[in-house]
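Undergrad: fold the stuff below for me.
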Amino acid sequence: MADSGDGGARQGLGCDCDRLHELVNEHRTVRQFLGHSNVSEHDRYPLRTVMDKVGLLVPELLAGVNRLVVESGHRVAGKKPGAPLLGCCDSFCVETDVHYPTDVHLLWDAMRCLIRETAKAATLHGLPGWRQSRHHKRCLERLFNRVRKTSRARPEQVEAYLEHCRKLIPRSESTLGILAGIYGHPEPPWLRRIRHFLEQAKRHVDPVDRRLLQGGKIPQEEKVFSVFESHTRWIAKGKAGTPVELGVPVCILEDRHGFILHHEVMWQGTDVDHA
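TA: Below is the predicted model of the structure:
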């Protein structure tokens, strides 16, 4: 019971494990849901236990719980066994925590994180080339602020911004090669972060050049809408007041009694394909 209770609370509230740890130890109603009486104050859950229990809540278990809830709900709603179900299929957007994605801003996101992570690793391992990392970041930020409003940016300002990025990218690439030679495979997480930000920085230099200096257009299939949450999609359904949403669409199949029979995250494709 504690396994599904912990996981259900986290899923329903969308909270992290620290808040969940506080709830299961201090919230009276939550503790009753987990099977503890009002006088049972000695049964406490360590944070590690809470994290382990939540990890047991796999998608297959959630699907099984949902099936039991739907079957019980249909009996309460008076559905006869074997009777056909009427339902509808629709999708909605689960928004990701991202800013409005312009190629200039995405390049800044990648570069500032690349400078920070590479400088931190170089200092830890005594590698040269990053002693002035804070100065490089301040210079890059100053250049970025001049071109962030692309409608007012002059070509020479864009060129200065790109030139500074192109100067730092090979330096980071060289440092990454040394660190990769030290650690080999599998790479530690911080080294994978450097590699990710390096790839993102190299990827976004070209769109800025093509769009602002050459006057070209970037095809939709080449665009990335977040350096940090690469699964983010550009969703334009033409809703009143919300013409564009940034996130991941989720498709749901709902019956006429209001129960969700199936759901699917639409990483690719459109509503028609998944329906």
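Undergrad: tell me the buried residues in stretch 230-248?
TA: Residues 232-233, 235, 245-248 are the ones in stretch 230-248 that count as buried (16 or more other C-beta atoms under 10 Å). Heads up, the C-betas are built off the backbone N, CA and C, glycines and all.
Undergrad: so which of those residues are in strands?
TA: 233, 235, 245-248 (DSSP state E).
Undergrad: low-confidence regions, the chain specifically.
TA: Low-confidence segments of the chain (pLDDT under 70): 1-14, 37-42.
Undergrad: ok, now how distant is D273 from C251?
TA: 9 Å (C-beta to C-beta, to the nearest Å).
Undergrad: the more surrounded of these two?
TA: It is C251, of D273 and C251, that has more neighbours when counted by other C-beta atoms under 10 Å, with 19 against 9.
Undergrad: looking at this, the more buried one is in a strand?
TA: Yes - according to DSSP: H, G, I helix; E, B strand; the rest coil, the state of C251 is that of a strand.
Undergrad: dihedrals phi and psi, the residue most central in space within the chain?
TA: Geometric centre of the chain, nearest residue: E229, 3.8 Å, by C-alpha atoms, centre = their mean. Phi and psi for E229, reported as degrees, to the nearest 10, are phi -120, psi 80.
Undergrad: was I right about it contacting E95?
TA: No - the criterion here is C-beta atoms under 8 Å, and E229 misses it with E95 at 10.4 Å.
Undergrad: where along the stretch 51-200 of the chain do the strands fall?
TA: 87-95 (DSSP state E, counting those that start in this stretch).
Undergrad: now the helices for it?
TA: With DSSP state H, counting those that start in this stretch as the criterion, the stretch 51-200 of the chain has helices at 59-77, 103-125, 133-147, 155-183, 189-208.
Undergrad: reformat those as CSV; add mean neighbour count and distance to L261.
TA: Below are the helices of the stretch 51-200 of the chain laid out as CSV (neighbours: other C-beta atoms under 10 Å; distance: least, C-beta to C-beta, whole Å):
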stretch, mean neighbour count, distance to L261
helix 59-77, 12, 6
helix 103-125, 20, 38
helix 133-147, 16, 48
helix 155-183, 16, 47
helix 189-208, 18, 37
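Undergrad: and F259, which of those is closest to it?
TA: helix 59-77 (4.7 Å; C-beta to C-beta).
Undergrad: check which helices and strands that closest one sits against.
TA: Contact partners of helix 59-77 among helices and strands, from 3 or more C-beta pairs under 8 Å, 6 or more residues apart in numbering; DSSP states H and E: helix 2-13, strand 260-265.
Undergrad: okay, the angle between it and strand 260-265?
TA: In terms of direction (axes from the mean of the first three to the mean of the last three C-alpha atoms, to 10 degrees), helix 59-77 departs from strand 260-265 by 150 degrees.
Undergrad: alpha carbons of helix 59-77, in CSV - could you do that?
TA: The C-alpha trace of helix 59-77 is given here as CSV (Å, rounded to 0.1, in the frame of the first residue of the first chain):
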residue,chain,number,x,y,z
PRO,A,59,4.2,2.5,-16.3
GLU,A,60,3.0,-1.1,-16.3
LEU,A,61,1.9,-0.8,-12.7
LEU,A,62,0.1,2.5,-13.4
ALA,A,63,-1.7,0.9,-16.3
GLY,A,64,-2.8,-2.0,-14.1
VAL,A,65,-4.1,0.4,-11.4
ASN,A,66,-6.0,2.5,-14.1
ARG,A,67,-7.6,-0.7,-15.4
LEU,A,68,-8.9,-1.7,-12.0
VAL,A,69,-10.2,1.8,-11.3
VAL,A,70,-12.0,1.9,-14.7
GLU,A,71,-13.6,-1.5,-14.2
SER,A,72,-14.8,-0.5,-10.7
GLY,A,73,-16.1,2.8,-12.1
HIS,A,74,-18.1,1.1,-14.8
ARG,A,75,-19.8,-1.1,-12.3
VAL,A,76,-20.8,2.0,-10.3
ALA,A,77,-22.0,3.8,-13.4
